[in-house]
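A.B. asks: got a sequence here, can you build the structure:
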Amino acid sequence: MRVRQVGGQGPSRVMWLAWAALRLFGVMALNGGFPYNRTFSSNGDVGFYYVWSNYLWHGQIPYRDFPMLYPPGILPVLALPPISYHLYRAEFLVTVLIVDALIFWVLYRSGRPVGAVMWMVAAPLLGPIFWARLDIFVAGALVTAVLCTESNRYAWAGFWIAFAGLLKLWPIVLLVLLLRVVPREHWRRFLGSAGLTLALGVLPFMAAGGTYNLAQVVQIQSGRGVEIESVFAAPLYVMRSLGHAVPIAQYAALEFTGRLAAAVSDLSEWVFGIGILLLLAKALRNRAPRPDSSGWLLLLAGAVILTSKVLSPQYLVWVAAAVGLMIDRVAARAKVFLLVSTALLLVTSQTQFPFGFRRLVAASPVASLLSVIHAVTVVIFAVAVYHAVAGRGVTPVGARHDEPPVAKLVSRNVADG
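C.D. replies: Okay, here's the model as predicted:
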């Protein structure tokens, strides 16, 4: 299959109108518009950001004077002026929509028209949570990092991957995977930039006395139990339906507790560790053909959502970005398989949250069905990802590298946004 050359042009007016129409629907959905008027609100975490922003703007130092659940990559979001909660929520939404628009634009401009459309429709398929969490910033950073590697800007690529790692820890694994893509003579620039970014993001707070609370962030995230929306929740829901005692409690998120849940949690940690090690082993083996940066990102994203005991619907925002980067490059059959499985994954995730969330929390009989269906779609998606990336028929990216590098422009715009 040949990738259509876009020639550096952005989306047409019709495509921008379609993007705007879907985003208008999203804004109304976030504010409880139909059919979300009787579901759980997706804005809950923005309230935490607002509280932390108030602390920051009143002179308190994060991690020393107040704890947070996220690494220091959240600080640009906390820099938004917290004049009032409603104004802060509007500021957050505007910032998110700017990043959303930039991702849509650069996917199209870099020779990925199908990926741009996939990104555009992913939002209504996933629901309003698409714009209500930090994960869209992770998606923007990773899209920019991939474009930087394609335009040979390896120091910028290292910076953006490290920034994504300062928001969600898992992107740090991508630094190792991309050593198969980055030429050896540029490893120092790539890894040095990433290391410097991580150091500048963490060391100032350690020097200010925030070491304990920074360590707590890692401990809380790594010590979480089986989240009710993860793949590993499905057998626990089934066990509950069979009469076993598997309680659900609120910790960092809604998680299963008890002996059975602890056993499944331990199993999931082994599966996750083995999955990441296998991926790293595949990257370090000197065999061809090998994926490019977008392929490694998609493989990692698929492995994380398949094997992690922690899976929330908002994680699929960066999964949609990874699919958008890769989809234009795969053969026709693999393209259809990946598109359909991604759409099913997004829809079933929205079915769990917000529409079926009360049933999941109450562990009603319907919860088992919702959980099993979602787990099956995650497995199907993971198979589609491997088939698309590891299969034959991958075609070169349609970007024109003789132009001013798109990645450089994206880096500047995302940083400004």
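A.B. asks: CA only for contacts and neighbour counts going forward, please
C.D. replies: Noted.
A.B. asks: ok, which stretches of the protein are strands?
C.D. replies: Taking DSSP state E to define them, one finds strands in the chain at 248-250, 254-256.
A.B. asks: how about the residue nearest to the spatial centre of the chain: what's its closest non-neighbour residue?
C.D. replies: Nearest residue to the geometric centre of the chain (Cα atoms, centre = their mean): residue 318, 2.8 Å. Distances taken as Cα to Cα, 6 or more residues apart in numbering place residue 139 nearest to residue 318, at 4.4 Å, with adjacent residues excluded.
A.B. asks: from residue 133, how far out is the one you found?
C.D. replies: Distance of residue 139 to residue 133, given as Cα to Cα, to the nearest Å: 11 Å.
A.B. asks: pLDDT below threshold where in the chain?
C.D. replies: 1-8, 286-290, 391-417 (pLDDT under 70).
A.B. asks: can you do 80?
C.D. replies: In the predicted model, the chain carries pLDDT under 80 at residues 1-8, 252, 284-291, 390-417.
A.B. asks: surely residue 100 is in contact with residue 136?
C.D. replies: Yes - in this structure, residue 100 is within contact of residue 136 by Cα atoms under 8 Å, at 7.2 Å.
A.B. asks: these two: which is more packed in?
C.D. replies: residue 136 (25 against 22; other Cα atoms under 10 Å).
A.B. asks: gap between the more buried one and residue 88?
C.D. replies: Distance, residue 136 to residue 88, using Cα to Cα: 17 Å.
A.B. asks: likewise residue 232?
C.D. replies: Taking Cα to Cα, one finds residue 232 at 36 Å from residue 88.
A.B. asks: residue 198 now?
C.D. replies: Separation of residue 198 from residue 88 (Cα to Cα) stands at 27 Å.
A.B. asks: what of residue 326?
C.D. replies: Applying Cα to Cα to residue 326 and residue 88 gives a distance of 34 Å.
A.B. asks: and if you look at residue 154?
C.D. replies: Here the criterion is Cα to Cα. By it, residue 154 lies 35 Å from residue 88.
A.B. asks: same deal with residue 337?
C.D. replies: Counting by Cα to Cα, the gap from residue 337 to residue 88 is 40 Å.
A.B. asks: from what I see, residue 225 and residue 258 are in contact.
C.D. replies: No - in this structure residue 225 lies outside contact range of residue 258 using Cα under 8 Å: 10.0 Å.
A.B. asks: between those two, tell me which one has more neighbours.
C.D. replies: residue 225 (25 against 12).
A.B. asks: excluding chain neighbours, what is closest to that one?
C.D. replies: Using Cα to Cα, 6+ apart, the closest residue to residue 225 is residue 255 (5.6 Å).
A.B. asks: identify the bridge partners of the one you found.
C.D. replies: residue 227, residue 249 (DSSP bridges).
A.B. asks: measure it to residue 368 for me?
C.D. replies: Counting by Cα to Cα, the gap from residue 255 to residue 368 is 15 Å.
A.B. asks: next one: residue 381
C.D. replies: To residue 368, residue 381 is 20 Å away according to Cα to Cα.
A.B. asks: cool, and residue 115?
C.D. replies: 33 Å.
A.B. asks: so who does the residue nearest to residue 318 touch?
C.D. replies: 317-319, 321-322 (Cα atoms under 8 Å, 6 or more residues apart in numbering).
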